[in-house]
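Undergrad: fold the stuff below for me.
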Amino acid sequence: MSCCPCNPPKAGISVRQGKTLMDNSAGNMKKESGQGPGNTVLVVEDNPQAAKLLSLYLNQAGYQTLIAQSGSQALELAAQCSPMAITLDLLLPDIDGWEVLTELKAIPRTRNIPVVIVSVLDRQTLGFRLGAADYLVKPVERAELLHALRRCIPREGENGVRRKVMVVHTNPDELNLLAMMLAQENYEVIQALGMEEAANLAKCARPDLVVTNLLAGELDFFSLLESLKSAPETAHIPVLALTSKISGSAEPAPEEGRIEFVLLQENELIEERLLAAITMRFRKTGFPPG
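TA: Purely as a prediction, here's the structure:
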């Protein structure tokens, strides 16, 4: 059995399908997702419709997914692929979810993978006692699932130090809202009002990531990029820019791997999209040097 995370917009891939695809492209997971768990979530669900829906929610938020349709498949994929998180149904065809959870927490390779139980059974006390990171009772809404994942995915970098994120905006109220949102997710937040302040603060604060919102269209984004790039102490810092569209002249050059535009789709919540993008960026690059 092989790891084969799918990419959006596909809704997910089963273990049986994944083996065939991965046999033709061995080793692609590390290349796509970086070392370790990358941004892959293992969905353990025997109901095809439920599995497809959960996978769709996750894909739309930028996660890759693997689907296991039984407890034995779940244990094998978890040990082999080391996903960043697992969603676990309790009513499985071979071994029940309680046994799967117990096994996951007993095996050194999988015991630290956060497990979110997603079940029609409302037995949260037992779930938490056995080591679940969170417990959701079906039916589960998209926002509820994504929020549960963000709560349980570690935010610390090396040596347990919180990741430091600089938020740049020209509007003080919007800046405060973005900063509060990230602080609630346990990031250390630095606020910069405008491009000049951001460039100066970045040199002394050395953030692990710079995040800005281009939807208002008031920030001189490329001047900010040039300022960061021109200083040796900030040239390595990755940048996430939230936008609704990218014009041809605004596309980052191939060598600018540190720059990532986060496209906000119609009716998509800024909070969900931005937090998922930040999580993916850190999973992709690891803990940047400061």
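Undergrad: quick one, strands of the protein?
TA: With DSSP state E as the criterion, the chain has strands at 40-44, 64-68, 85-88, 115-119, 134-137, 164-169, 188-193, 209-213, 239-243, 259-263.
Undergrad: surely residue 124 meets residue 136?
TA: No: with contacts counted by CB atoms under 8 Å, residue 124 stays clear of residue 136, the gap being 9.3 Å. Where you see a C-beta, it was placed from the backbone N, CA and C, and this is true even at glycine.
Undergrad: tell me where the stretch 51-200 of the chain has helices.
TA: Counting by DSSP state H, counting those that start in this stretch, residue ranges of the helices within the stretch 51-200 of the chain are 71-81, 97-106, 124-129, 142-152, 172-184, 195-205.
Undergrad: pull the last one out as CSV, backbone CA atoms only.
TA: Output in CSV follows, covering the C-alpha atoms of helix 195-205 (Å, rounded to 0.1, in the frame of the first residue of the first chain):
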residue,chain,number,x,y,z
MET,A,195,4.9,49.1,3.7
GLU,A,196,7.6,51.3,5.3
GLU,A,197,6.8,50.1,8.8
ALA,A,198,6.7,46.5,7.7
ALA,A,199,10.2,46.8,6.1
ASN,A,200,11.7,48.3,9.2
LEU,A,201,10.0,45.9,11.7
ALA,A,202,11.0,42.9,9.7
LYS,A,203,14.7,43.7,10.1
CYS,A,204,14.5,43.7,13.9
ALA,A,205,11.7,41.3,14.5
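Undergrad: which strands and helices lie in contact with that helix?
TA: Contact analysis of helix 195-205 by 3 or more CB pairs under 8 Å, 6 or more residues apart in numbering; DSSP states H and E lists strand 164-169, strand 188-193, strand 209-213, helix 221-230 as its packing neighbours.
Undergrad: at 7 Å what do you get?
TA: strand 164-169, strand 188-193, helix 221-230 (3 or more CB pairs under 7 Å, 6 or more residues apart in numbering; DSSP states H and E).
Undergrad: tabulate those (JSON lines), appending mean neighbour count and distance to residue 77.
TA: Output for the helices and strands packed on helix 195-205, formatted as JSON lines (neighbours: other CB atoms under 10 Å; distance: least, CB to CB, whole Å):
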{"stretch": "strand 164-169", "mean neighbour count": "25", "distance to residue 77": "32"}
{"stretch": "strand 188-193", "mean neighbour count": "18", "distance to residue 77": "34"}
{"stretch": "helix 221-230", "mean neighbour count": "17", "distance to residue 77": "40"}
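Undergrad: and those, which one's lowest on average pLDDT?
TA: Note on the helices and strands packed on helix 195-205: helix 221-230 shows the lowest mean pLDDT, a mean of 85.
Undergrad: please state the offset of it from the chain centre?
TA: In terms of CA atoms, centre = their mean, to the nearest Å, the centre of helix 221-230 is found 26 Å from the chain centre.
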